[in-house]
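**Q** here's my sequence, what's the structure:
(chains A and B)
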Amino acid sequence: MAALTDARVALGRTGSSQPTAAALAFTLDHARARDAVHRPADFDGLEAALQQRGLASLRADSAAQDRLTYLARPDLGRRLSDESRDQLAALRSRPVVDLAIVVADGLSSRALDHVPALLDALLADLTPEGWTLAPVILAAQARVALGDEVGALLKARMVLLLVGERPGLSSPDSLGAYLTYAPRVGLSDAARNCVSNIRPAGLVPAQAAFKIAWLMRQARRLQLTGVALKDESSTDHLVSVTPEAVRLPADSPLEKNKSGK
Amino acid sequence: MNRWTYPDLKTLMAKASPLRSGDVLAGLAAETAEENVLAKMSLADVPLKRFLAEPLVPYDEDEVTRLILDSHDAAAFAPVSHMTVGQFRDWLLSDAADTAALAQLAPGLTPEMVAAVSKLMRNQDLILAAKKVTVVTRFRDTIGLPGRLSTRLQPNHPTDDPKGVAASMLDGLLLGSGDAVIGVNPASDNLATLGDLMRLLDEAIQRFQIPTQSCILTHVTSSIELINRGAPVDLVFQSIAGTQAANASFGVDLAVLREGLDAGRSLGRGTVGDNLMYFETGQGSALSAGAHHGVDQQTLEARAYGVARAFAPLLVNTVVGFIGPEYLYDGKQIIRAGLEDHFCGKLLGLPLGCDVCYTNHAQADQDDMDTLLTLLATAEVTFIMGVPGADDIMLNYQSTSFHDALYVRELLGLRRAPEFEAWMSQVGLADAAGRLSADAGRHPLLELLS
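**A** Okay, here's the model as predicted:
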């Protein structure tokens, strides 16, 4: 039975209760998911990894000052702090770029471990096509819509925001990628495309990069993202690409009507 | 004494609500602890009749308000029509409010009235009053009898893999889960996939003559389409909320829910009754849809029950901790909300169950869930979820396990629905008292996986 699903089946029982080993295994997985939510992202390490790849980066903070505020106030996680907004505004004299990349901690710092592998594959694909890039923004206490403000300040034609997704008990390290054309404050989720569940045991980074690059080229050609941009990159991947509006993003309450929860 | 003033009833209701993050996020919560209690005191003096005269969401703008007021039963309301909210609390806790009196009263209550009185009640009040209410519904078995607790078997799988779903379903049946419904949240919206899942569940139920019902929790319009295509649909599912605008964000209105009910009944698949709607709700859904009209989330949740009761549902499930900490921050808020929802739903005459649950970014853990489960079971909640090991690998949240149901049955002597209990005994899964058999390892049900 257990070979047929990753669900916690065939646990056995002692009286009415779960055996000790099963109970402790669950507790360990929950502890890991909690740590993924609350452990600060290692932006120093990520900055060094980007530097090795010749990518400049800048730090930014959302208006949520700490983790507990971030969890309770999604509105604050979608806006830059005053200080970060001033810093990015100072870059306005730079020319328009094709792409701004934002790395947001979101709800899983562990997910950011997959960012270098994803960017390696993505940039190997895009660099020969001459895409111009803004400095990579490393954003703390940040939700998906923060990319809109960043992208607008950096004068980017589109913004790719990579974010730690809400951790599941068996998937605490899932990374999401949100692509938004013509980013500006106030866009709804229907204006984005999402590639979800990026992790070694899910959609592996190389496959995710393939999908993201496909979406970016289409976005550039059609000058839009969102529900009007349907993924037809291929049909044989593990996880389909859907507009964010029909997915469960890391930063908005789960839409119970979509999947019945 | 009260230096705060309230421009209207909905503001008073919001200020009187026990603290929760969603009301803070909406800018509706009391700003101090004192303001919160003084608002409760003001609310205690509000006549129940005022809720009929002063809709919290405008009648002209909202079909849920129109449904609530147009279907109000003045004769049923008469016994309490002279009371204030505070007097109503006292009456609910008195011996006069027995099971029969509460059943007669239900059509005379509006969601706003029961939400208001819940705000004056402590957890023990919510438990005691709800326990006095009996709501019985039927499809292929009888759910909600006193001393009974049912479970929804929830065998979800991240890719809707039939073998994976079957394995979790079998695990649950062997552990005595599933007398409320065997219900799958599909990952896919694809009609062919949904139809395959329906047939998978239906074949298991038919083959082993299990006195229960199946449900694929997909949009009501998909269920209607599947019925038109001849799929074996038992229960028709839909998520609902407490305002017309929030329901619109779910892609439904009252008319399409009526279509869903009619389509389900046209199949005549129930054997002991025709309650066949399955609704899910949860505090915060209206705010998350930007459709809250300045009304607090607990009152809006009660209004969702006002929607549900128009459709004679088999099951109504408040998915209390699923929405996340921006609406219910921690274990304390989730526990309180679960007890409020159960009380309000039962008082309005609904078969209210609870998905006792939390997400990994909420400040909650299994101990909080044990507390809420135990409290709800003492209040005789209609049903809870049964998820393998409490870990839903499709929806990425933690609910109650098959073992959790066994625990609370053993603790409080709660039995399964009578038809399901008899079936378990007949096929050797349990004894006549409902205790699981020691050796289910070679049970014929295992053929489900072959």
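
**Q** distance from stretch A:55-67 to the middle of the chain?
**A** Taking CA atoms, centre = their mean, to the nearest Å, the mean C-alpha location of stretch A:55-67 is offset from the chain mean by 14 Å.

**Q** tell me the phi and psi of residue 52?
**A** Just going to use chain A. Main-chain dihedrals, A:Q52, degrees, to the nearest 10: phi -60, psi -30.

**Q** you answered for a different chain; I wanted chain B.
**A** phi -80, psi -30.

**Q** which residues touch it?
**A** Counting by CB atoms under 8 Å, 6 or more residues apart in numbering or on different chains, B:L52 touches B:69, B:72, B:110. For glycine as for every other residue, the C-beta is placed from the backbone atoms N, C-alpha and C.

**Q** so which strand or helix has the most centrally placed residue in chain B?
**A** The structure's chain B has its C-alpha centroid closest to B:N317; by CA atoms, centre = their mean the separation is 2.2 Å. B:N317 is part of strand B:315-319 when elements are defined by DSSP states H and E.

**Q** B:D370 too?
**A** Here B:D370 sits within helix B:366-378, counting by DSSP H and E.

**Q** give me the contact list for that helix.
**A** For helix B:366-378, contacts defined as CB under 8 Å, 6+ apart pick out A:26-27, A:30, B:123, B:127, B:131, B:149, B:320, B:330-332, B:334-335, B:338-339, B:342, B:354, B:356-358, B:384, B:390, B:398, B:400, B:404, B:408, B:411-412, B:414.

**Q** PyMOL command to pick out the buried ones of these?
**A** Applying 16 or more other CB atoms under 10 Å in any protein chain shown to the contacts of helix B:366-378, the buried members can be selected in PyMOL as follows:
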select buried, (chain A and resi 26+30) or (chain B and resi 123+127+131+149+320+330+331+332+334+335+338+339+342+354+356+357+358+384+390+398+400+404+408+414)
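
**Q** okay, B:G353: pLDDT?
**A** pLDDT, B:G353: 98.

**Q** quick check: it touching B:D179?
**A** No. Distance between B:G353 and B:D179: 11.6 Å, which falls outside the contact criterion (CB atoms under 8 Å).

**Q** name the residues contacting each of those two.
**A** Common neighbours of B:G353 and B:D179 (CB under 8 Å, 6+ apart) are B:S150.

**Q** quick check, pLDDT for residue 94.
**A** As the question left the chain open, I've gone with chain A. We note a pLDDT of 89 for A:R94 in this prediction.

**Q** please refer instead to chain B.
**A** In this model, B:S94 is scored at 98, pLDDT.

**Q** say whether chain B is contacted by stretch A:9-21.
**A** Yes. With CB under 8 Å from any CB of the partner chain as the measure, stretch A:9-21 is seen reaching chain B through A:9-11, A:13, A:15-18.

**Q** start to end distance for that stretch?
**A** Stretch A:9-21 has an end-to-end distance of 13 Å (CA to CA, to the nearest Å).

**Q** tell me the buried residues in that stretch?
**A** For stretch A:9-21, using 16+ other CB under 10 Å, the buried residues are A:9-11, A:16, A:18.

**Q** output the below-cut-off pLDDT ranges for the chain.
**A** Using chain A. Within chain A, the segments meeting pLDDT under 70 span A:234-261.

**Q** can you look at chain B instead?
**A** For chain B, applying pLDDT under 70 flags the ranges B:1-4, B:440-441.

**Q** burial check on the residue in the stretch 101-250 of chain B that chain A sits nearest to, number of neighbours?
**A** Checking the stretch 101-250 of chain B residue by residue against chain A with CB to the nearest CB singles out B:L217 as nearest, at 2.7 Å. Neighbourhood size, B:L217 [other CB atoms under 10 Å in any protein chain shown]: 26.

**Q** ranges for the strands of the chain?
**A** As the question left the chain open, I've gone with chain A. A:57-61, A:97-104, A:136-140, A:156-164, A:175-181, A:192-198, A:242-243 (DSSP state E).

**Q** that's the wrong chain, I wanted chain B
**A** Using DSSP E, strands in chain B cover B:137-138, B:142-143, B:150-153, B:181-184, B:214-216, B:236-239, B:277-281, B:315-319, B:352-355, B:383-386, B:391-392, B:397-398.

**Q** how about A:T14, what does it touch?
**A** A:T20.

**Q** I should have written A:R32 there, sorry.
**A** By CB under 8 Å, 6+ apart, A:R32 lies in contact with A:P172.

**Q** for residue 163, give me its contacts.
**A** Because you didn't say which chain, this covers chain A. With CB under 8 Å, 6+ apart, A:V163 has these contacts: A:103-106, A:111, A:142-144, A:175-178, A:250-251.

**Q** you looked at the wrong chain, it should be chain B
**A** Taking CB under 8 Å, 6+ apart, we find B:K163 in contact with A:4-5, B:449.

**Q** and those residues, which are buried?
**A** A:4-5.

**Q** ok, the residue in the stretch 101-250 of chain A that chain B sits nearest to - contacts?
**A** Across the stretch 101-250 of chain A, the shortest distance to chain B (CB to the nearest CB) belongs to A:G168, at 3.3 Å. For A:G168, the contacting residues are A:33, A:174, B:360, B:393, B:396-397, by CB under 8 Å, 6+ apart.

**Q** quick one: distance of the helix holding B:D370 to the chain centre.
**A** 16 Å.

**Q** which residue is the nearest non-sequential neighbour of the residue nearest the centre of chain A?
**A** Centroid check for chain A by CA atoms, centre = their mean gives A:V163 as the closest residue, at 2.2 Å. Counting by CB to CB, 6 or more residues apart in numbering or on different chains, A:V163 lies nearest to A:G106, which is 3.7 Å off, once chain neighbours are set aside.

**Q** ok, B:R258 next?
**A** Once flanking residues are discounted, B:R258 sits nearest to B:F311: 7.3 Å by CB to CB, 6+ apart.

**Q** just give the number of residues close to that neighbour.
**A** When neighbours are defined as other CB under 10 Å, B:F311 has 20 of them.

**Q** so it touches B:V256, yeah?
**A** No. Using CB under 8 Å, B:F311 is not in contact with B:V256; the gap is 11.2 Å.

**Q** just to revisit the earlier point, the residue nearest to A:V163: neighbour count?
**A** A:G106 has 32 neighbouring residues, counting by other CB under 10 Å.

**Q** now the one 10 residues further on
**A** The local packing count at A:P116 equals 17, with neighbours defined by other CB under 10 Å.

**Q** my read is that it contacts A:G45, right?
**A** No. If you go by CB under 8 Å, A:P116 and A:G45 don't touch, sitting 9.5 Å apart.

**Q** roughly how far does the nearest residue to B:L12 once chain neighbours are set aside sit from B:Q366?
**A** For B:L12, ignoring the flanking residues on the chain, the nearest one in space by CB to CB, 6+ apart is B:Y6 at 4.1 Å. Computed with CB to CB, to the nearest Å, the distance linking B:Y6 and B:Q366 is 40 Å.

**Q** between those two, who's got more neighbours?
**A** Applying other CB under 10 Å to B:Y6 and B:Q366 shows that B:Q366 carries more neighbours, namely 19 against 16.

**Q** tell me who's in contact with the residue nearest to A:P135 when sequence neighbours are not counted.
**A** Among residues not flanking A:P135 along the chain, A:A56 sits closest, at 4.3 Å (CB to CB, 6+ apart). Taking CB under 8 Å, 6+ apart, we find A:A56 in contact with A:50, A:135-136.

**Q** returning to that earlier point: restrict the contacts of B:L52 to those near chain A?
**A** When contact is defined as CB under 8 Å from any CB, these do not meet chain A at all.

**Q** with neighbour count added, can I get these in CSV?
**A** Formatted as CSV, those follow (neighbours: other CB atoms under 10 Å in any protein chain shown):
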residue, neighbour count
B:L69, 16
B:H72, 17
B:T110, 23
